[in-house]
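S.K.: Below are the sequence and a predicted model; questions follow.
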Amino acid sequence: MPWRYDQVSAIRSGLAQRYRPMVDLGAGCGLRQGEILGLGVDDIDFDAGWVHVSRQVKLVRSRLVFGLPKNDRDRRIPLPDSVALVLRQHVDNFAPVSLTLPWEDPASDERVTVPLLFTTTRLGAINRHTFDGKSWRPAVVAAGITPTRATGMHALRHFYASSLLDAGESIKALASYLGHADPGFTLRVYTHLMPASEERTRRVIDDLFR
């Protein structure tokens, strides 16, 4: 069962200001946690309204590295105006920090530098385990939600998916936005959230005939 909007809003309020836009990207664009942590300001096309997901921050042998998104596929996601407004304000309040990390393997000589949107208070890359324990979990508890394996940041993607499906978005489009390699997987995961086809049929014809 996806979270309600008021629950998402409460969790957002429980985070430090520098981390709150991470909730907007998860719930409003469907990004995975690692993709949010690896997002650079250059990946946001404010004028055209797109987010380009081309990397993530992940842990390899206890060290932070940049790497390809899950399924090794980059993608573009529509950027809602409401999320764009939050991100513009975030950039004004917390200037992006250019950080260099190894690519995929800590021992690799290949290094990548990204002007990251989200960093720690010490202006370093964010370790998701540290963030989950010190920021996310306390915000979930403060929102009155019992922490479980299902209440991580991934729950924001479920909120995003359920919102789009409820509005009538197609499974194919949703799979593309979520970065799923197979739309059939998306259908299997979210089919129970899709509006009943008979009700949708009645509503479409009734709206048309009115």
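M.R.: Yep, it's here. Numbering: from 1, shown residues only.
S.K.: now this protein, which segments are flagged as low pLDDT?
M.R.: 192-200 (pLDDT under 70).
S.K.: Helices of that one, start to end?
M.R.: 5-13, 20-29, 33-37, 81-93, 128-131, 137-142, 155-166, 171-178, 183-190, 197-209 (DSSP state H).
S.K.: Of all the ones you listed, which one comes closest to Trp103?
M.R.: helix 33-37 (14.1 Å; C-beta to C-beta). C-beta here means a position set from N, CA and C on the backbone, and glycine is covered the same way.
S.K.: Give me the distance from that closest one to the chain's centre.
M.R.: 7 Å (C-alpha atoms, centre = their mean, to the nearest Å).
S.K.: could you say what helices and strands that helix packs with?
M.R.: With contacts defined as 3 or more C-beta pairs under 8 Å, 6 or more residues apart in numbering; DSSP states H and E, the packing partners of helix 33-37 are helix 20-29, strand 56-60, helix 128-131.
S.K.: in that helix, what counts as buried?
M.R.: Gln33, Gly34, Glu35, Ile36, Leu37 (16 or more other C-beta atoms under 10 Å).
S.K.: Need the winner for burial among the helices and strands packed on helix 33-37.
M.R.: Of all the helices and strands packed on helix 33-37, helix 20-29 has the most neighbours on average by mean count of other C-beta atoms under 10 Å, namely a mean of 24.
S.K.: can you dump the C-alpha coordinates of that helix into PDB?
M.R.: Provided in PDB are the C-alpha atoms of helix 20-29 (Å, rounded to 0.1, in the frame of the first residue of the first chain):
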ATOM      1  CA  ARG A  20      14.000  17.800   1.900                       C
ATOM      2  CA  PRO A  21      14.100  18.200  -1.900                       C
ATOM      3  CA  MET A  22      15.200  14.500  -2.000                       C
ATOM      4  CA  VAL A  23      11.700  13.700  -1.100                       C
ATOM      5  CA  ASP A  24      10.400  15.800  -4.000                       C
ATOM      6  CA  LEU A  25      12.600  13.900  -6.400                       C
ATOM      7  CA  GLY A  26      11.600  10.500  -5.100                       C
ATOM      8  CA  ALA A  27       7.800  11.200  -4.800                       C
ATOM      9  CA  GLY A  28       7.600  13.600  -7.700                       C
ATOM     10  CA  CYS A  29      10.000  12.000 -10.200                       C
END
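S.K.: packing partners for that helix?
M.R.: helix 5-13, helix 33-37, helix 81-93, helix 155-166.
S.K.: could those be laid out in CSV, adding distance to Val112?
M.R.: Below are those laid out as CSV (distance: least, C-beta to C-beta, whole Å):
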stretch, distance to Val112
helix 5-13, 29
helix 33-37, 14
helix 81-93, 20
helix 155-166, 25
